[in-house]
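K.L.:
give me the fold of what follows.
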Amino acid sequence: MSTTIRLRGGRVIDPAQSHSGTQRDVCLRDGRIIDLDEREAVDETFDATGCVIMAGGIDMHTHIGGGKMNLARMLLPEDHRANAGSPIALPDNALELASCGTCTPGTLATGYRYIEMGYTSAFEPAMMAANARHAHMEMGDIPILDHGAYVMLGNDELFLQMLHEGGEQGLNQALIRDYVGWTLNASKAMGVKVVNPGGISAFKFNQRKLDVNEVHTHWQVTPRQVVHSLARALRELGVPHPLHIHGSNLGVAGNIESTLETIAALEGLPAHLTHIQFHAYGKEGPKKFSSAALQVAEAVNANPNISIDVGQIMFGQTVTASGDTMRQFANSGHGSPRKWVGADQECDAGCGVVPFRYREQSYVNALQWAIGLEIFLLVKNPWQVVLTTDHPNGGPFTSYPHLIRLLTDKSFRDEQLSKLHPDVASTSALREISRELTLDEVAIMTRSAPARLLGLTDKGHLGQGAVADVAVYREEANHEAMFATPQWVFKNGSLVAQAGKVMAVPTGGSHFLTPDYDTAVERTLRKHWAAHGSVNFDHVPISRDELCSCCNGGRLLPTACFQGQT
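P.N.:
Residues are numbered from 1 along each chain as shown. Okay, here's the model as predicted:
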């Protein structure tokens, strides 16, 4: 029996719709938003007077599943012990679950903490094809949240071989396109991510750096070719989310040149540059480390084909977990505490896990903090920017409410800036930026833009027929307090959280794509897998029923219902 719910009298912030900011009712039935006359009877009414109503939040870049996060959890048991006293209230007070870590939360805590903030979907940005089953299994264990992942390509030997043999003319582009299509299908991914294009592979050949126009010592291809070929393949396959790019030279002073060269390499093709704050550094000043936020913003403003997420750093303890073995190896000496893990993964990736503490009185860390905020505030079109901390690399996702306050309240931002390293506090361009993001812009960066970039047409808005994922916030001047604890959160039309308490634990859905491709490519893949793979080729693809408990009892993912996307 269906239940009809009315959220009465709230101010609806829905920038995807023309009437954003108006006071009106929002009605939910059968998991969808419906138009309903105010005189029609409903089963339950929630008085949202004095509240802001938004679609459920969507985090399109957060490390929540896969091998590297398990390595991070094992590497930092103290993170779990230190936060064991931060309970999560579950339905009917039947149980209180310890938070299980701030920067390395377990799967259960991940779902509950996101829901407590009004987020209803989260996407893992670095799934290895060879480890896709495990990544899906782990995401399936996260309660309530819808989820999906981007599969990594661009460092695997078969792709680089195809690119090399195709030469500058790109003679193998059709083969590469079909390989990308097969990989998306086999791994049940939402998109493709490239990490340090060609650089992870080059590191395995003892090459310690690889810039955008530099030649891979073994395969004789450049990151420029890698990026362009993958971006083109995704466009030809009709994949909604553009190539998700973790660029060259992450964290290196002067890497702004690599970032601008990467944009140029795309030649107008759509792409999403991820954790852009870590790729926005110049070499100016006495310390030879400076902000290039203005150059990044100008490039994004001039290229509507480009979108970004920021990867804002937040002060305190966290852990950096990345497939970019080359850069993590270089950063391992900066670990805090002094320990780290590096791993060589099968065929297509690496892995580096380095704990790190961002400090307010560190010149570099303070400048990184300022750079991220500058980028948020200097990019003109909020539809090109997504709010992230690259959890856990820049900071835990639980710091989003604090980040929102920094972006919406200049006086608070200035107050925080004054506490930083004096050379940053006195010279940062951030002091001169007066812009304060509006609630509409916050909703775009946390809901509408991620939905649009992922092709989720029924998410990120509150229009007729949209999925009834809804967050209701009690409106107040302190946006950190406001966004930390919504009054109500609804998932698929059911109340799942109220004033910081989890009310119900429904199953989240798994999103993935199945683009068409020429299956003749499988002959090439089968031959390569037989020679170099550790798993039988026929066992590599993940079937639909493995992601869908309602189809076959959930042999692989007992907590994940199918919510596929084609």
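
K.L.:
when you work out contacts or count neighbours from here on, use the C-alpha atoms and nothing else.
P.N.:
OK.

K.L.:
and the strands in the stretch 301-450 of the chain?
P.N.:
306-309, 316-322, 341-344, 350-358, 385-386 (DSSP state E, counting those that start in this stretch).

K.L.:
now these in JSON lines, with mean neighbour count, mean pLDDT and distance to Asp409?
P.N.:
Listed next are those as JSON lines, based on neighbours: other CA atoms under 10 Å; pLDDT from 0 to 100; distance: least, CA to CA, whole Å:
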{"stretch": "strand 306-309", "mean neighbour count": "24", "mean pLDDT": "98", "distance to Asp409": "20"}
{"stretch": "strand 316-322", "mean neighbour count": "23", "mean pLDDT": "84", "distance to Asp409": "21"}
{"stretch": "strand 341-344", "mean neighbour count": "17", "mean pLDDT": "78", "distance to Asp409": "39"}
{"stretch": "strand 350-358", "mean neighbour count": "23", "mean pLDDT": "83", "distance to Asp409": "22"}
{"stretch": "strand 385-386", "mean neighbour count": "28", "mean pLDDT": "98", "distance to Asp409": "18"}
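
K.L.:
so which of the ones you listed comes closest to Gly101?
P.N.:
Counting by CA to CA, Gly101 lies closest to strand 316-322 out of the strands of the stretch 301-450 of the chain; the figure is 10.2 Å.

K.L.:
circling back: so which of the strands of the stretch 301-450 of the chain is nearest Asn365?
P.N.:
Using CA to CA, these put strand 350-358 closest to Asn365, at 5.8 Å.

K.L.:
got the angle for the closest one vs strand 316-322?
P.N.:
Computed with axes from the mean of the first three to the mean of the last three CA atoms, to 10 degrees, the direction of strand 350-358 lies at 170 degrees from that of strand 316-322.

K.L.:
Pro105: which of the strands of the stretch 301-450 of the chain is closest?
P.N.:
Short answer: strand 316-322, nearest of the strands of the stretch 301-450 of the chain by CA to CA, at 11.1 Å.

K.L.:
what helices or strands is that closest one leaning on?
P.N.:
Strand 316-322 sits against helix 67-75, strand 350-358, with contacts defined as 3 or more CA pairs under 8 Å, 6 or more residues apart in numbering; DSSP states H and E.

K.L.:
partner strands of that strand, with direction?
P.N.:
Within its sheet, and counting by DSSP bridges, strand 316-322 is paired with strand 350-358 (antiparallel).

K.L.:
dump the partner strand to CSV, keeping only the CA atoms.
P.N.:
Taking Å, rounded to 0.1, in the frame of the first residue of the first chain, the C-alpha atoms of strand 350-358 are listed here in CSV:
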residue,chain,number,x,y,z
GLY,A,350,48.9,0.9,-8.2
CYS,A,351,48.0,2.0,-4.7
GLY,A,352,49.6,4.2,-2.0
VAL,A,353,48.3,5.0,1.4
VAL,A,354,50.0,7.7,3.5
PRO,A,355,48.5,9.2,6.7
PHE,A,356,48.7,12.9,6.9
ARG,A,357,47.8,15.8,9.3
TYR,A,358,47.0,19.2,7.7
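
K.L.:
neighbouring contacts of that strand?
P.N.:
Contact with strand 350-358 is made by 68, 71-72, 76, 200, 313-325, 328-329, 331-332, 334-345, 365, as judged by CA atoms under 8 Å, 6 or more residues apart in numbering.

K.L.:
okay, angle between that strand and helix 67-75 too, please.
P.N.:
Using the same axes, to 10 degrees, the direction of strand 350-358 lies 50 degrees away from that of helix 67-75.

K.L.:
could the strands of the stretch 301-450 of the chain be laid out in TSV, adding distance to Thr107?
P.N.:
Formatted as TSV, the strands of the stretch 301-450 of the chain follow (distance: least, CA to CA, whole Å):
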stretch	distance to Thr107
strand 306-309	23
strand 316-322	16
strand 341-344	21
strand 350-358	18
strand 385-386	23
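
K.L.:
nearest to Glu436, out of the ones you listed?
P.N.:
Comparing the strands of the stretch 301-450 of the chain by CA to CA, strand 385-386 comes nearest, at 14.9 Å.

K.L.:
and the residue nearest the centre of the chain, how far is that from Gly191?
P.N.:
When the chain is reduced to its mean C-alpha position, the closest residue under CA atoms, centre = their mean turns out to be His61, at 0.4 Å. Counting by CA to CA, to the nearest Å, the gap from His61 to Gly191 is 12 Å.

K.L.:
again with Phe278
P.N.:
22 Å.

K.L.:
remind me which residues of the chain are low pLDDT?
P.N.:
For the chain, applying pLDDT under 70 flags the ranges 1, 80-87, 89, 91-100, 345-350, 548-566.

K.L.:
residues contacting Ile542?
P.N.:
133, 185-188.

K.L.:
between those, which sits nearest Arg24?
P.N.:
Lys188 (38.8 Å).

K.L.:
what's the burial count for the closest residue in space to that closest one that isn't next to it in sequence?
P.N.:
Excluding its sequence neighbours, the residue lying closest to Lys188 (CA to CA, 6 or more residues apart in numbering) is Phe512, at 5.2 Å. Phe512 has 24 neighbours, counted by other CA atoms under 10 Å.

K.L.:
ok but Phe512 is inside a strand, no?
P.N.:
No: Phe512 sits outside any strand when classified using DSSP: H, G, I helix; E, B strand; the rest coil, being coil.
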